[in-house]
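Q: Could you look at this predicted model? Sequence included:
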Amino acid sequence: MKLSEEVKNGITRREFVKNTAITGTAAFAVGAGGMAIPVSAQSAKSPQISGKTIREAARETKVCRTADVVVVGGGPGGIGAALAAARSGADTVLIERYEHLGGMGTGGLVTIIPAMTDINGKQVIAGITQEWVKRLDARGAADYPKKEHWGSTDAKLVEYYKNRSPFYATANRVGYSAHIDAEMSKCLFQDMVKEANVKTYLHSWGTEPIMEGNKARGVIFESKSGRQAVLAKVVIDSTGDGDLLPYTGAAFETQIDKTLRMSNLSFSYWIDNVNLQKYQDYKKSNADELAEKMREVRKLGGTPGFLTSNLKNQENVVWCFPRYANKSQYDVEELTRVEFLGRKEMIITHDFYVKNVPGFEKSFIVLSNSQLGTRGGRRVVGDYVVSEKDIKAKEPFKDTIAVFPNMDETNPLMYMPYRCLIPRNVNNMLVACRAFSSDAVTNDAFNLIHHCVCLGQAAGTAAAQSISSGVDLRKIDIRALQASLKKQGVVLPGQLLS
């Protein structure tokens with residue numbers, strides 16, 4: 001959506017309508033606050049249908065809100081961005097297409113926040129991610145290894161935690177990973193954005209950025225209320241798949257090696273009323289027979305394997321998360337195909353378990369994901385493209401805004417630069433989600449839920465700083481940004497938590 005010279009020069013609706021009547025030139029839609037968005041003088045006419053395309057009639061679009069920052073996408077990146085921007089003093093709007101916040105960590109039923117400590121058990125990921133876990137913990141809605149065990153290589157401890165969850169102990173060390181309650185997370189995220197005075201629109205799909213040349217000026221979104229616009233000084237794309245990018249002029253990559261984790265979609269669901277003690281007893285005494293049954297369910301089109309919930313009062317709940325190869329994770333036909341296939345295989349799997357696996361006789365499917373688990377879509381080409389060579393770098397970037405554990409003794413930490421959030425050749429916009437600027441290998445390793453929260457927290461803080469200081473996003477004081485992040489509990493180079 002482009003803004004014209006008349007908008008910039010402040011022409012009034014009455015003046016322009018008068019001029020239009022005389023000259024026959026294009027008309028404008030004027031929303032709240034007198035902000036005009038261009039529409040054609042053909043607004044009242046029907047769409048022009050020709051061949052396989054339709055030239056849609058232009059329309060008036062109501063400007064329902066102006067703000068400092070508008071964040072599109074209320075998943076992990078969007079939560080981090082909206083909270084950080086609002087808490088830093090920016091008037092913030094958050095637009096989310098589903099009826100809840102949290103994205104993959106809630107609706108996607110990806111109920112694990114993995115690897116928040118480095119190889120030695122020192123906490124690396126904190127900030128808003130830690131606040132989330134802490135709030136869940138207060139309600140008995142999170143489970144993780146005891147802090148005094150983080151980094152332990154004691155064989156018995158490692159075995160104990162591996163049996164509870166493969167995420168709790170990796171590389172023969174205990175680490176800090178948390179199983180979380182998806183439904184409680186929805187409630188807590190709602191509390192957090194309300195406490196921060198974030199204006200939130202749920203059931204709202206951010207469809208298009210409002211662009212003035214290469215400058216982002218706001219966002220168009222669609223909902224039950226129709227088509228509306230939010231105007232803002234900074235736009236943050238936290239859609240996960242970089243849904244705004246095709247309309248900004250920004251370059252982006254989509255190529256994904258099919259051997260990478262992120263090339264797969266997932267369809268997650270929970271099974272309740274499982275007698276896990278009975279199952280464990282059967283597994284211990286009939287390991288070979290159980291393995292054969294798992295091969296059988298796969299042949300039937302089902303999916304073997306599950307994780308236990310581990311949460312308080314969820315002793316009978318297991319989590320299934322099959323993966324599905326696909327051509328594209330932002331192609332609606334592929335998403336529909338996998339959705340249908342996932343539900344079909346969910347029934348096949350559960351029916352088989354009820355009939356053939358001890359402990360599942362009285363179980364039932366209690367919940368399935370309201371959104372598919374997406375792992376890889378568009379990746380913006382930013383001012384810096386983080387690549388595989390950066391994973392092996394020993395020195396942090398001067399503009400490091402997040403540190404991620406790499407669980408590698410040779411290269412234990414990954415440093416993320418602020419520049420990877422800035423779309424090349426686009427102004428007033430940041431990308432804070434798994435669409436950050438990176439090659440496929442790096443993205444595959446560092447696009448998980450907690451990574452996205454960290455990137456969002458940095459982006460929201462940077463946006464607020466840019467606005468308050470009146471400085472372009474590319475020219476903000478990086479040391480001031482890093483200092484602000486540290487005050488928010490973010491771990492940066494040389495500052496590992498004990």
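A: Perfect, I can see it now.

Q: Quick check: the gap between Arg419 and Gln329.
A: Distance, Arg419 to Gln329, using C-beta to C-beta, to the nearest Å: 25 Å. No exception for glycine: its C-beta is placed from N, CA and C like everyone else's.

Q: Which one's more surrounded, the two?
A: Higher neighbour count among Arg419 and Gln329: Gln329, with 23 against 19, using other C-beta atoms under 10 Å.

Q: Tell me if the more buried one really is in a helix.
A: No: going by DSSP: H, G, I helix; E, B strand; the rest coil, the assignment for Gln329 is coil, not a helix.

Q: Would you mind listing the buried residues in stretch 263-280?
A: With burial defined by 16 or more other C-beta atoms under 10 Å, the residues of stretch 263-280 counted as buried are 263-271, 274-276, 279.

Q: Now the two most distant members of these.
A: Maximum pairwise distance among the buried residues of stretch 263-280 (C-beta to C-beta): 36.1 Å, between Ser263 and Asn275.

Q: which stretches of the protein have low pLDDT?
A: By pLDDT under 70, the low-scoring segments of the chain are 1-45, 496-498.

Q: Where do the helices of it begin and end?
A: 5-8, 13-23, 76-87, 127-138, 155-164, 182-195, 276-285, 287-299, 332-356, 388-391, 440-445, 449-469, 478-487 (DSSP state H).

Q: among these, which is nearest Phe221?
A: Short answer: helix 76-87, nearest of the helices of the chain by C-beta to C-beta, at 13.2 Å.

Q: now for that closest one, which elements pack on it?
A: In this structure, helix 76-87 packs against strand 62-72, strand 92-95, helix 127-138, helix 182-195, strand 226-237, helix 449-469, with contacts taken as 3 or more C-beta pairs under 8 Å, 6 or more residues apart in numbering; DSSP states H and E.

Q: Give the closest residue to Thr117 in space, chain neighbours not counted.
A: The spatial neighbour of Thr117 that comes closest, neighbours along the chain excluded (C-beta to C-beta, 6 or more residues apart in numbering), is Tyr176 at 4.1 Å.

Q: Provide the count of other residues in contact range of that neighbour.
A: Using other C-beta under 10 Å, Tyr176 has 27 neighbouring residues.

Q: Provide a list of residues in contact with it.
A: Neighbour list for Tyr176: Ala115, Met116, Thr117, Gly121, Gln123, Tyr144, Pro145, Lys147, Trp150 [criterion: C-beta atoms under 8 Å, 6 or more residues apart in numbering].

Q: Let's see that with 6 Å instead.
A: Met116, Thr117, Trp150 (C-beta atoms under 6 Å, 6 or more residues apart in numbering).

Q: Quick check: which of the helices of the chain is nearest to Lys258?
A: Nearest to Lys258 among the helices of the chain is helix 440-445; the distance by C-beta to C-beta comes to 10.5 Å.

Q: what sits up against that closest one?
A: For helix 440-445, the external contacting residues (C-beta under 6 Å, 6+ apart) are Ile256, Asp257, Leu260, Arg261, Met262, Arg379, Val386, Ser387, Glu388.

Q: In strands, which of these fall?
A: Arg379 (DSSP state E).

Q: Need the contacts of helix 440-445 in CSV (columns: distance to Val441 and neighbour count).
A: Shown next, in CSV, are the contacts of helix 440-445 (distance: C-beta to C-beta, whole Å; neighbours: other C-beta atoms under 10 Å):
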residue, distance to Val441, neighbour count
Ile256, 10, 20
Asp257, 8, 11
Leu260, 7, 15
Arg261, 11, 13
Met262, 10, 20
Arg379, 11, 29
Val386, 10, 25
Ser387, 8, 15
Glu388, 5, 13
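
Q: Among the contacts of helix 440-445, which one lies nearest to Leu485?
A: Closest approach between the contacts of helix 440-445 and Leu485, by C-beta to C-beta: Val386, at 17.9 Å.

Q: hang on, the closest one packs against Cys420?
A: Yes: between Val386 and Cys420 there is a contact under C-beta atoms under 6 Å: 5.0 Å.

Q: which residues touch stretch 352-362?
A: Counting by C-beta under 6 Å, 6+ apart, Asn273, Val274, Asn275, Lys278, Tyr279, Tyr282, Lys293, Val297, Gly302 sit against stretch 352-362.

Q: Report the buried residues of it.
A: Under the neighbour-count criterion of 16+ other C-beta under 10 Å, stretch 352-362 has Phe352, Tyr353, Val357, Gly359, Phe360 buried.

Q: what's the straight distance from one end of that stretch to the other?
A: Terminal residues of stretch 352-362 lie 12 Å apart, using C-alpha to C-alpha, to the nearest Å.

Q: separation between Asp143 and Thr308?
A: Per C-beta to C-beta, Asp143 is found 10 Å from Thr308.

Q: ditto for Glu409
A: To Thr308, Glu409 is 30 Å away according to C-beta to C-beta.

Q: With neighbour numbers in mind, choose between those two.
A: Set Glu409 next to Thr308 and count neighbours by other C-beta under 10 Å: Thr308 wins out with 20 against 9.

Q: give me every residue that touches that one.
A: Val318.

Q: 7 Å - rerun?
A: Residues near Thr308 by C-beta atoms under 7 Å, 6 or more residues apart in numbering: Leu276, Val318.

Q: Just grab the bridge partners of it for me.
A: Thr308 has the following beta-bridge partners by DSSP bridges: Val318.

Q: Isn't Ile391 up against Thr410?
A: No: between Ile391 and Thr410 no contact is recorded; they are 10.2 Å apart, counting by C-beta atoms under 7 Å.

Q: Of these two, which one has the most company?
A: It is Ile391, of Ile391 and Thr410, that has more neighbours when counted by other C-beta under 10 Å, with 19 against 8.

Q: ok, the residue lying closest to Gln190 once chain neighbours are set aside - how many residues close by?
A: Nearest residue to Gln190, sequence neighbours excluded (C-beta to C-beta, 6+ apart): Leu101, at 6.3 Å. For Leu101, the neighbour count with other C-beta under 10 Å is 28.

Q: Just list the residues touching Leu101, thanks.
A: Leu101 neighbours (C-beta under 7 Å, 6+ apart): Gly74, Ile79, Lys186, Phe189, Gln190, Val193.

Q: Hmm, Glu99 and the third one touching each other?
A: In other words, Lys186. No: using C-beta under 7 Å, Lys186 makes no contact with Glu99, being 8.9 Å away.

Q: Settle it for me: which of the two has more neighbours?
A: Neighbour totals were compared for Lys186 and Glu99, and Lys186 leads with 17 against 10 (other C-beta under 10 Å).

Q: What is the burial count for the closest residue to the more buried one other than its chain neighbours?
A: In this structure, Lys186 finds its nearest non-sequential neighbour in His100, 4.3 Å apart by C-beta to C-beta, 6+ apart. His100: 20 surrounding residues under other C-beta under 10 Å.

Q: right, and His100 touches Gly107 too?
A: Yes: proximity of His100 to Gly107 meets the contact threshold set by C-beta under 7 Å, at 6.0 Å.

Q: What residue, apart from its backbone neighbours, is nearest Gly78 spatially?
A: Nearest residue to Gly78, sequence neighbours excluded (C-beta to C-beta, 6+ apart): Ser238, at 3.5 Å.

Q: quick one, what contacts that neighbour?
A: Val71, Val72, Gly73, Gly75, Gly77, Gly78, Ala81, Ala432, Cys433, Gly456.

Q: Report the beta-bridge partner residues of Gly382.
A: On the basis of DSSP bridges, Gly382 is bridged to Pro423.
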